[in-house]
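> Prediction below, plus the sequence it came from.
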Amino acid sequence: MSALPKDYSGKKLSAVEADAVVAELKKYLLDLADRWLFKGRFHTDLSKGTLPVEALKVFWQNWYGFVAEINNFHGVAYQRHLPFFKRHPDLQKHFANHVADEMIHPSPPGHIRIVLEQGRNFGLTDDEMIEYEMLAECRAFLEYYRGVLYEGTMAEWWASFCVEEAVGHWAKFFGGALRPTSPGSLKASISTSRKKGYIAPDYVRASRNSRTTLTASPDAYPGRLRQ
């Protein structure tokens, strides 16, 4: 069943029609992110400054597990979809650059290093992140992507990443909610890590370049973290 008002399955679209369908899908996913992410309990408490530090740590432990695997899926997708990319070298070079960025920025092993660095600023050890068993709900989100990659079509796989735009909004919101109010606090430590570049640059770029502003705009939240 299509999430769109009109089902375009099996129809060859013009370039204009295809752009309209993609825009509609992106809006649908941003609306979901607005409803379930930004207006959810976790982010509401974070924006109000009532979220306990322990809750933040548990989130980051699950986030580490997600990032550690989802970034590697890009490499798997590159291998599985290689016949398509061979026929479309103009697209292959862009995706190859994306896969490389995941693994080498800011230095090998890539983005997962950023997650570990940020986790340490939250008071977590590497072992507490690496050895953590993800919560079932968080693992389910990861398993969804695994299922689409191995059992879905190539179109379904790439369509699933329309949610990346919401990740950019989330990164902007998350950083703003943790903005420091006094030196020496946990928030100040987090702010220092952000200045050093420990927030993934692709997320930052996504938030800056986004053409859509969510109802729960990140700029609306000054943010305080309850110690």
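Sure, I can see it.

> Okay, buried residues for the host helix or strand of Trp158 please.
Under DSSP states H and E, the secondary-structure element containing Trp158 is helix 154-160. Buried residues in helix 154-160, counted by 16 or more other C-beta atoms under 10 Å: 157, 159. For every residue, glycine as well, the C-beta is placed using N, CA and C.

> Tell me the spacing between the spatially most central residue of the chain and Lys11.
With distances taken as C-alpha atoms, centre = their mean, Val167 lies nearest the centre of the chain, 3.8 Å away. Look at Val167 and Lys11: by C-beta to C-beta, to the nearest Å, they are 30 Å apart.

> what's the distance between the residue nearest to the centre of the chain and Pro83?
29 Å.

> can you check Ser47 too?
From Ser47 to Pro83 the distance is 46 Å (C-beta to C-beta).

> Comparing the two, which residue is more hemmed in?
The residue with more neighbours, out of Ser47 and Pro83, is Ser47; 20 against 9, by other C-beta atoms under 10 Å.

> For Leu30, grab the count of nearby residues.
21.

> hang on, isn't Phe73 packed against Tyr150?
No - checked against C-beta atoms under 8 Å, the pair Phe73 and Tyr150 is beyond contact range at 9.7 Å.

> Show me which of these two is the more surrounded one.
Phe73 (19 against 11).

> wait, is that one part of a helix?
Yes - under DSSP: H, G, I helix; E, B strand; the rest coil, Phe73 falls within a helix.

> what residue ranges in this protein score low on pLDDT?
1-5, 180-227 (pLDDT under 70).

> Which stretches in it count as helices?
Listed in chain order, the helices of the chain (DSSP state H) span 15-33, 41-48, 53-80, 82-87, 89-104, 111-121, 126-130, 136-151, 154-160, 164-177, 186-195, 201-209.

> Need those in a markdown table (columns: distance to Lys6).
Listed next are the helices of the chain as a markdown table, based on distance: least, C-beta to C-beta, whole Å:
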| stretch | distance to Lys6 |
| --- | --- |
| helix 15-33 | 9 |
| helix 41-48 | 32 |
| helix 53-80 | 28 |
| helix 82-87 | 27 |
| helix 89-104 | 27 |
| helix 111-121 | 37 |
| helix 126-130 | 44 |
| helix 136-151 | 23 |
| helix 154-160 | 16 |
| helix 164-177 | 22 |
| helix 186-195 | 42 |
| helix 201-209 | 28 |
